[in-house]
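Undergrad: show me how the following folds:
(2 chains)
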Amino acid sequence: MIKRILPASLLLFVLFVNNSRCFAQDDLLKTLQSMVIDHRENIIATFKGDKIINIQTNETVRKNNLDFRIGHLFGNIGKESGGGIHNFYGFDQSADIRIAFHYGITDKLMVGISRAKRNENFEGLVKYRVFEQTTDNHFPFALTLFGNSTYSIKDNSIFRKDIYRITYCAQLILARKFSKNFSLVLTSGLIHRNFVNADDENNTYNLSGGFRYKFTRSASFIADYSHTFGREFLSLPHYDALGLGFEVETGGHVFSLMFSNASGMLENDYLVNTVDSWGKGGIKLSFIISRMFPFGKENTKSVKKSE
Amino acid sequence: MRKIILYIIFLFCCSAVSAQTVFIADSGEVTFYSYALLEDIKATSKSVNSILNTLNNEIAFMIPMRSFQFAKALMQEHFNEKYMESDKYPQALYKGTINEKLDYSKPGTYTVTTKGQFTIHGVAKEINEKGELKIDNGSIILNTEFFVALQDYNITKPSLVFNNIADTIQVKLKAFYIPFKKK
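TA: Model (predicted):
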């Protein structure tokens, strides 16, 4: 009996092994898909730019690309905060103008320089993507670090020493794209100012959050909110910055219509110096013009028509 | 018992022979071109995954959409995010057969026609294309060129950039096949 079963089972075993070794002839595509190791991809386009309205996102300029950005923050709209009909609801004023160059050294590392009108600040910045969110949720969120330093050249007698003109900001940015339509970001950080008023503190900590909700294929609603701790004891009132806006993509360009009570555009400025409030009409319209210039060998190579 | 051992050896030999008839792409390159009024765009992927079964002339391709490299990073992002929706439809797939009977043991260059199903952006379409097979000792090189009409695959382009993207995209593909050996 055993003599009979053994060969039969051996035969079955060999057939089975053989079958699994052979190709599933019926579906070549399935075989192909099973052979290729599913490689992990980074999630792209969590946000459309380096900032939502006021706060940083996880995004950086990609390798060998230079982003030339002009940001404009108009004056306050409400009459109570200096706006009203006589300066055409803030359009006659510019609370802040920032001209910046952001350059991608690698796909993860971005450096930049800028100049802001308010407080005549010059800024140098670094932003680095530590982890990017991946399609397989190996990293369920993106972690980015941001750091900058500003130097004010303002003619002001309080700057008795040159070192007083310098401020620093360091931030940790967590972002997640929950779906094609919804992305969320949380940032937390420290601002150090070398010189502050007597009632203020050199080191201040902040926490911010923002999101982007895409409600059509190219239009999104964007919002962000920033809170700096320990500002309620200042003699000058301080308000948290709230930004609300719409973002419309038109091909290669992103057009944003944004409203915010932030007094300036730099972290080192609006996170500690926002004195305007939504309640008192301290809302400002702002926009950004951005133009991306690709550099590098592969980027400038033109397509040969005859190829 | 001897019979069985012989049979086992025979079966193993069979599998060895059948493995020789299957070729996989060791390397390859696929490039697409868009020639439009304002701009010429090109993108290349070196992730060409393909199998060719010389027994029944079946051929299949799988190319990850995210593997296409553009000159402009922003363009690559738009390609994946807005046009191809690569998160939802991550691969370009093709499965078809070569119509001609070929002697794969004979080196030479053959013009072949294929019939099969091409899937991108979640839309599958029957396509008939031409290609060239170069059979060498133990390796096969495939060259093909075809056109893809965007609207056939429900790929819409925003009206504002219609001058930047062509309606029909030219695709050139090259794949180097070697005999498949299972590890």
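Undergrad: enumerate every residue touching the residue most central in space within chain A.
TA: By CA atoms, centre = their mean, chain A has its centre lying nearest to A:T57, at 1.9 Å. Residues counted as contacts of A:T57 (CB atoms under 8 Å, 6 or more residues apart in numbering or on different chains) are A:46-47, A:49-51, A:144, A:173, A:175, A:185, A:210. For the C-beta atoms, the positions are set from N, CA and C on the backbone; glycine is no exception.
Undergrad: low-confidence ranges in chain B?
TA: Applying pLDDT under 70 to chain B picks out residues B:1-20, B:158-163, B:182-183.
Undergrad: tell me the confidence at the residue nearest to the centre of chain A?
TA: You'll see A:T57 listed with a pLDDT of 97.
Undergrad: how far away is it from B:K46?
TA: According to CB to CB, to the nearest Å, A:T57 stands 31 Å off from B:K46.
Undergrad: pull out the buried positions in stretch A:240-258.
TA: By 16 or more other CB atoms under 10 Å in any protein chain shown, the buried positions in stretch A:240-258 come out as A:240-245, A:247, A:249, A:251, A:256, A:258.
Undergrad: closest to chain B out of the residues you listed?
TA: A:G251 (3.5 Å; CB to the nearest CB).
Undergrad: tell me the pLDDT at the closest one?
TA: 64.
Undergrad: tell me which stretches of chain B form strands.
TA: B:22-35, B:40-45, B:49-53, B:58-64, B:69-70, B:91-98, B:108-120, B:123-136, B:139-149, B:168-179 (DSSP state E).
Undergrad: pull the CA coordinates from the first one and hand them back as PDB.
TA: It refers to strand B:22-35. Output of strand B:22-35 as PDB, limited to C-alpha atoms (Å, rounded to 0.1, in the frame of the first residue of the first chain):
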ATOM      1  CA  VAL B  22      10.100  33.200 -21.300                       C
ATOM      2  CA  PHE B  23      12.100  36.400 -21.600                       C
ATOM      3  CA  ILE B  24      12.000  39.300 -19.200                       C
ATOM      4  CA  ALA B  25      13.100  42.900 -19.800                       C
ATOM      5  CA  ASP B  26      16.400  43.400 -18.200                       C
ATOM      6  CA  SER B  27      16.500  47.100 -19.000                       C
ATOM      7  CA  GLY B  28      14.500  49.500 -21.100                       C
ATOM      8  CA  GLU B  29      13.500  53.000 -21.800                       C
ATOM      9  CA  VAL B  30      10.200  54.600 -22.600                       C
ATOM     10  CA  THR B  31       9.900  58.200 -23.700                       C
ATOM     11  CA  PHE B  32       6.900  60.300 -24.600                       C
ATOM     12  CA  TYR B  33       6.800  63.500 -26.500                       C
ATOM     13  CA  SER B  34       4.200  66.200 -26.700                       C
ATOM     14  CA  TYR B  35       4.700  68.700 -29.500                       C
END
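Undergrad: mind giving me the packing neighbours of it?
TA: Counting contacts by 3 or more CB pairs under 8 Å, 6 or more residues apart in numbering or on different chains; DSSP states H and E, strand B:22-35 packs against strand B:40-45, strand B:49-53, strand B:168-179.
Undergrad: let me have these in CSV, extended by mean neighbour count and distance to A:V196.
TA: Putting those into CSV (neighbours: other CB atoms under 10 Å in any protein chain shown; distance: least, CB to CB, whole Å) gives the following:
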stretch, mean neighbour count, distance to A:V196
strand B:40-45, 18, 52
strand B:49-53, 21, 60
strand B:168-179, 18, 59
